[in-house]
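K.L.:
What follows is a predicted structure for the sequence shown.
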Amino acid sequence: MSPATKAAPVASLSTSSITRLREIAGEKQVLTAPEDVIPYGFDGTAALKHGAACVVLPRTSEEVAAILRFAVSEKIPVVTRGSGTGLSGGSVPVDGGIVLCLVHLNHILEVDPANLTLLAESGVITKAIDDAALPYGLFYPPDPGSMKISTIGGNVANNSGGLRGLKYGVTRDYVMGMEVVLPNGEIAWLGSKCVKDVAGYSMKDLFIGSEGTLGIITKVLLKLVPRPKARRTLLASFDSMGAAAKTVSQIIERQIIPCTLEFLDRKTCQSVEDYAKVGLPTSAAAVVLMETDGHPVVVEEEAAAMAAIATENGAISVERASDEAHAVRLATARRSAFSALARIRPTTILEDVTVPRSRLAEIVAYVEEVAVRHHLDIATFGHFGDGNVHPTILTDETDHEEMGRVEAALSDIFDKTIALGGTITGEHGVGLAKKPYLPRQFDTASYGLMRQVKHALDPAGLLNPGKIFDTETPNE
Ligand SMILES: Cc1cc2nc3c(=O)[nH]c(=O)nc-3n(C[C@H](O)[C@H](O)[C@H](O)COP(=O)(O)OP(=O)(O)OC[C@H]3O[C@@H](n4cnc5c(N)ncnc54)[C@H](O)[C@@H]3O)c2cc1C
């Protein structure tokens, strides 16, 4: 197998390289002072930091292409970055490389109500996409918890999910086309506004979820859908995770597909209540946030049916939002879970293992078992309807002994997930954090295929080297 990533990182960039980058992008768009560069040395992932040689903030696709052509000619690694909210270390820089931060490519270029599409540059903030669709009565459903700060380019590169994934799917389901700067510096347009398009390989799909290792996404053409006319939010609490899981299974068995079916375990409930004071029952073993949207009559019927199913399964309480402000308060319980837990210990490690949803109660129970076995503080919340669980380890990265137990716990959780037919990451990507575990999930042929694709597109291994796969030196 050809090495997937071959770049030997340079220690720092020469003055002439910095000068050339400034000629391309402009004097002020190239940061080199340590105090300017340090904030780009990490993302949202705990315990991962590296130093970049410089940060470049281009403003056009042409500048991105020129920077990449220059980097390839000088064998300088390039790490693309959106807002740096990633939770797998995907945008953590390579020592001595260039961080290409795309936040200045931040224009919405077109909303096309006739074709229900929106064209945006990749640095546009996710929430701004839906805000731009709103005046047309249109809707962009993917809503990662980070949507007020993440970029649409980062969402596409990680194929991010959100709270509405059960009914509406994930980012991939909305990408109709994109402009990509290829590792050789060429600019390619992939996809179209056509609802049907089977001309050639679906190359856009190769770049969705490629974590900045195959090309740099500079524009994204997104599908919009009609905005739902009504929405109903409910919050049910249970004295066991099993009763909550049974409620979720029965909702789906009765062919109700809510837009949101999220859960919090006891520890998460307690910490959210402590933090956000939304009135959560802190004695409950599990709380489930349910949201249905669509035609007003159907929404009312589905909300009533979900409340009845929760009650049949012994819910301690079922709270129905009476108005929009009440709905926002209930949803805050779930949306603030990460922030609430992050206050407890110095380091918060948020995982996103995913299992077929019929196995969700098993993986949640297993995480509890692992916490006891390794003497760790682990809270769990996540997307019940998608089988996507966020075991969140509250720890301290400076305590080496405890971090050893954290690694052992993660290894156990990943093995169990794979044994249950699941995946080590449902939405955050592999990046650096999950790279060691990726081969456990794939057979030799499929793992090798991914590396062949990387090598075919980026033979010099300069785009986000060392992410997803190990960086190998040219002699290996
Ligand atoms: C509080 C919080 C809540 C979160 N909630 C969710 C959630 O609900 N669902 C979810 O899926 N994730 C969630 N995340 C993770 C994260 O926000 C997403 O992965 C998001 O898509 C990252 O966007 P970003 O702009 O910050 O990208 P970055 O973190 O900057 O980059 C992420 C990856 O994409 C690559 N990349 C970025 N831009 C481009 C581009 N234009 N072209 C090519 N490659 C690119 C980078 O190299 C890197 O590998 C959450 C994170 C936080 C901190």
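P.N.:
On my side now, so go ahead. No experiment lies behind these values; they were computed from the predicted model shown. Numbering: from 1, shown residues only.
K.L.:
pLDDT-wise, which helix or strand of this structure ranks last?
P.N.:
Counting by mean pLDDT, DSSP states H and E, the weakest-scoring helix or strand in the chain turns out to be helix 324-335, with a mean of 86.
K.L.:
counting contacts, what elements does it pack onto?
P.N.:
Packing partners of helix 324-335 (3 or more Cβ pairs under 8 Å, 6 or more residues apart in numbering; DSSP states H and E): strand 230-238, strand 260-265, helix 266-276, strand 286-294. C-beta: built from backbone N, CA, C; applies to glycine.
K.L.:
Give me the sheet partners of the second one and which way each runs.
P.N.:
When sheet partners are counted by DSSP bridges, strand 260-265 sits next to strand 286-294 (antiparallel), strand 377-383 (antiparallel).
K.L.:
can you check the first one too?
P.N.:
Applying DSSP bridges, strand 230-238 is found paired with strand 286-294 (antiparallel), strand 317-320 (antiparallel).
K.L.:
So what pairs up with the closest residue to Glu351 other than its chain neighbours in the strands?
P.N.:
Spatial nearest neighbour of Glu351, chain neighbours left out: Pro391 (5.0 Å); criterion: Cβ to Cβ, 6 or more residues apart in numbering. For Pro391, the beta-bridge partners are Thr380 (DSSP bridges).
K.L.:
how much does the least confident helix or strand of the chain deviate in direction from strand 286-294?
P.N.:
Taking axes from the mean of the first three to the mean of the last three Cα atoms, to 10 degrees, one finds helix 324-335 and strand 286-294 inclined to each other by 130 degrees.
K.L.:
Return the list of helices and strands in contact with the next helix or strand after helix 324-335.
P.N.:
Downstream of helix 324-335, the next assigned helix or strand under DSSP states H and E is helix 337-341. Helix 337-341 is packed against helix 266-276, strand 347-350, strand 388-395, with contacts defined by 3+ Cβ pairs under 8 Å, 6+ apart.
K.L.:
The ones you listed: which one's closest to the ligand?
P.N.:
strand 347-350 (7.8 Å; Cβ to the nearest ligand atom).
K.L.:
Check whether the closest one comes close enough to the ligand to count as a contact.
P.N.:
No. Strand 347-350 stays clear of the ligand (Cβ under 6 Å from any ligand atom), getting no nearer than 7.8 Å.
K.L.:
buried stuff in the host helix or strand of Val453?
P.N.:
For Val453, the host element (DSSP H and E) is helix 444-457. Neighbour counts over helix 444-457 (16 or more other Cβ atoms under 10 Å) mark 447, 450-451, 454-455, 457 as buried.
K.L.:
Same list, the residues you listed, but as TSV with pLDDT and distance to the ligand please.
P.N.:
Putting these into TSV (pLDDT from 0 to 100; distance: Cβ to the nearest ligand atom, whole Å) gives the following:
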residue	pLDDT	distance to the ligand
Tyr447	94	19
Met450	94	15
Arg451	94	17
Lys454	95	13
His455	94	18
Leu457	95	12
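K.L.:
Isn't Ala342 up against Ala379?
P.N.:
No. Checked against Cβ atoms under 8 Å, the pair Ala342 and Ala379 is beyond contact range at 10.5 Å.
K.L.:
More neighbours: the two, which one.
P.N.:
More crowded of Ala342 and Ala379, by other Cβ atoms under 10 Å: Ala379, with 27 against 17.
K.L.:
In this protein, which helix is the longest?
P.N.:
Looking across the chain with DSSP state H, the single longest helix is helix 400-419.
K.L.:
Next, the angle from it to strand 388-395.
P.N.:
Orientation of helix 400-419 against strand 388-395 (the same axes, to 10 degrees) gives an angle of 170 degrees.
K.L.:
May I see the buried residues of helix 400-419?
P.N.:
Buried, per 16+ other Cβ under 10 Å, within helix 400-419: 402-403, 405-406, 409-410, 412-414, 416-418.
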